[in-house]
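Asker: Just to be clear, the model below is a prediction. Sequence and coordinates:
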Amino acid sequence: NLARLTEALIDENKIDKAKDIINIAMENMPVEHFGYYAFVEPFVDGYYKVGETEKARNLFQKLKRIYQERLDYFANLPFDEQRLFLDEIIPDLEAYSRNIDILITNQDKENAEKETLIFNEYIDKFDRFYRNDPMEDLLPPSSDPDLIDSTSMDAIPEEVKDSVAVPE
């Protein structure tokens, strides 16, 4: 409700009142103790929209650390256990990504670029869950290059096929 009120106040150009509401929300629902992090995201955006860039960045950093700690925990689990926590891993990755989208939307370009590179490292930790072949998820990842099926890497994308001359 406070996030919706903040958005309404911003839409009505009542910036000072919106700032007050965001500050009240963050004082009474500190990120470290709140636990429902998706509900905090609108306040990162709100801080940007009311001109409180440093507060937006600080709140983003708090959320980022929470997601990173959770994802680091899951990344250190054995593969079979990671699969049991997909319903937590995937939403955490998506939420982390949404927070970076807030940086992008608010044209915080330098931070968005830096944070995207860091986020990509977290995506890489769970890349086996994003493969095209669902059967690959049944096996633990292999570090032996001779056991990696590279046929998908050898495929020519459709847009390139159209431009390749075929001998007649």
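Answerer: The structure has been received and is ready for your questions.

Asker: Okay, strands next: where are they in the chain?
Answerer: Taking DSSP state E, the chain contains no strands at all.

Asker: Scan it for its longest helix.
Answerer: helix 53-75 (DSSP state H).

Asker: tell me which residues in that helix are buried?
Answerer: For helix 53-75, the buried set under the neighbour-count rule, 16 or more other CB atoms under 10 Å, comprises 55-57, 59-60, 62-64, 66-68, 70-71, 74. Glycine gets a C-beta too; all of them are placed from N, C-alpha and C.

Asker: where in this protein is pLDDT low?
Answerer: Applying pLDDT under 70 to the chain flags the ranges 131-168.

Asker: Leaving out chain neighbours, which residue sits closest to the residue nearest to the spatial centre of the chain?
Answerer: Centroid-nearest residue in the chain: residue 97, 1.7 Å away (criterion: CA atoms, centre = their mean). Leaving aside its sequence neighbours, residue 97 sits nearest to residue 119 (CB to CB, 6 or more residues apart in numbering; 6.5 Å).

Asker: so what's that neighbour up against?
Answerer: 96-97, 100 (CB atoms under 8 Å, 6 or more residues apart in numbering).

Asker: now residue 21
Answerer: Taking CB under 8 Å, 6+ apart, one finds 2, 5-6, 9 in contact with residue 21.

Asker: Could you rerun that using 6 Å?
Answerer: 2, 5-6 (CB atoms under 6 Å, 6 or more residues apart in numbering).

Asker: Same question for residue 9.
Answerer: Taking CB under 6 Å, 6+ apart as the test, what residue 9 contacts is 17-18.

Asker: Over to residue 24?
Answerer: Contacts of residue 24 by CB under 6 Å, 6+ apart: none found.

Asker: if we go to 10 Å?
Answerer: Neighbour list for residue 24: 2, 5-6 [criterion: CB atoms under 10 Å, 6 or more residues apart in numbering].

Asker: Going by neighbour count, which of the residues you listed comes out on top?
Answerer: Highest neighbour count within the contacts of residue 24, by other CB atoms under 10 Å: residue 6, with 26 neighbours.

Asker: mind checking how far that residue is from residue 115?
Answerer: 23 Å (CB to CB, to the nearest Å).

Asker: Could you do residue 12 as well?
Answerer: Residue 12 is 31 Å from residue 115, by CB to CB.

Asker: Phi first, then psi, for residue 77.
Answerer: For residue 77, the backbone dihedrals are phi -80, psi 150 (criterion: degrees, to the nearest 10).
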